[in-house]
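[1] structure for this input, please:
(chains A and B)
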Amino acid sequence: EPEVTQTPSHQVTQMGQEVILRCVPISNHLYFYWYRQILGQKVEFLVSFYNNEISEKSEIFDDQFSVERPDGSNFTLKIRSTKLEDSAMYFCASSEERKPQHFGDGTRLSIL
Amino acid sequence: RKEVEQDPGPFNVPEGATVAFNCTYSNSASQSFFWYRQDCRKEPKLLMSVYSSGNEDGRFTAQLNRASQYISLLIRDSKLSDSATYLCVVNFNAGNNRKLIWGLGTSLAVNP
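    All right, here's what the predicted structure looks like:
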């Protein structure tokens, strides 16, 4: 069964550094998403992406965050200057139109 | 009122028991409803979509009551492998299934 893949599985970064989280969505999917989950808290929507542009973003997704689909397969989330509170699991998801979203197994981001 | 609210549990049940989870949502314009399952420190995995007429998948039955803005999940003949957190998820957007709003989850432990 096709799956969403994310790299790295764990990223440790110093506060203030930039980090890029990578995702390869399922190949025939057109909608892409990033979510995060702080330890012990609920999953939170960050951003959705369709047709090479952001279709919706949450309040969390401020100017420090950006997304990109640099080629036909990758979908990246960049955090420009990381803060301690950015420590979380970051999940990428993708979907076909009007279908449920499928999630990657996440990147654990630890900010020191 | 929280957008999606669930009893966090934990629910501790013996193998073979029937267990029911409830969820309420605040936005009456919600369009799509799902139950996801999340194992400890893993990604959410779609368990089932929830349809207006109610739907069943093996031992799992989901119900939706739009008037009461209430969703339920029933697990019959519970197995040890059912131990996980069950996440109630709602999509407020019509059509393109973009932003998912998540409950905090209900923790289930099935004991031998």
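[2] ok, the residue of chain B positioned farthest from its centre - contacts?
    Distance from the centre of chain B peaks at residue B:112, with 23.1 Å (Cα atoms, centre = their mean). Going by Cβ atoms under 8 Å, 6 or more residues apart in numbering or on different chains, residue B:112 touches B:14-15, B:80. For the C-beta atoms, the positions are set from N, CA and C on the backbone; glycine is no exception.
[3] tell me the confidence at it?
    Predicted confidence (pLDDT) for residue B:112: 94.
[4] count of residues packed around residue 56?
    You didn't say which chain, so I picked chain A. For residue A:56, the neighbour count with other Cβ atoms under 10 Å in any protein chain shown is 16.
[5] the chain in question should be chain B.
    Residue B:56: 12 surrounding residues under other Cβ under 10 Å.
[6] in which helix or strand would I find it?
    Per DSSP states H and E, residue B:56 falls inside strand B:55-57.
[7] can you give me the buried ones in the helix or strand just after that strand?
    Of the helices and strands lying after strand B:55-57 in sequence (DSSP H and E), the nearest is strand B:60-65. If you call a residue buried by 16 or more other Cβ atoms under 10 Å in any protein chain shown, then strand B:60-65 has these buried ones: B:60-64.
[8] just name the closest of these to chain A, please.
    Closest approach between the buried residues of strand B:60-65 and chain A, by Cβ to the nearest Cβ: residue B:62, at 12.9 Å.
[9] so what's the closest one up against?
    Neighbour list for residue B:62: B:33, B:35, B:48-51, B:54-56, B:71-74 [criterion: Cβ under 8 Å, 6+ apart].
[10] what bridges to it?
    Note on residue B:62: beta-bridge partners by DSSP bridges are residue B:55, residue B:73.
[11] tell me the spacing between it and residue A:73.
    Using Cβ to Cβ, to the nearest Å, we find residue B:62 at a distance of 34 Å from residue A:73.
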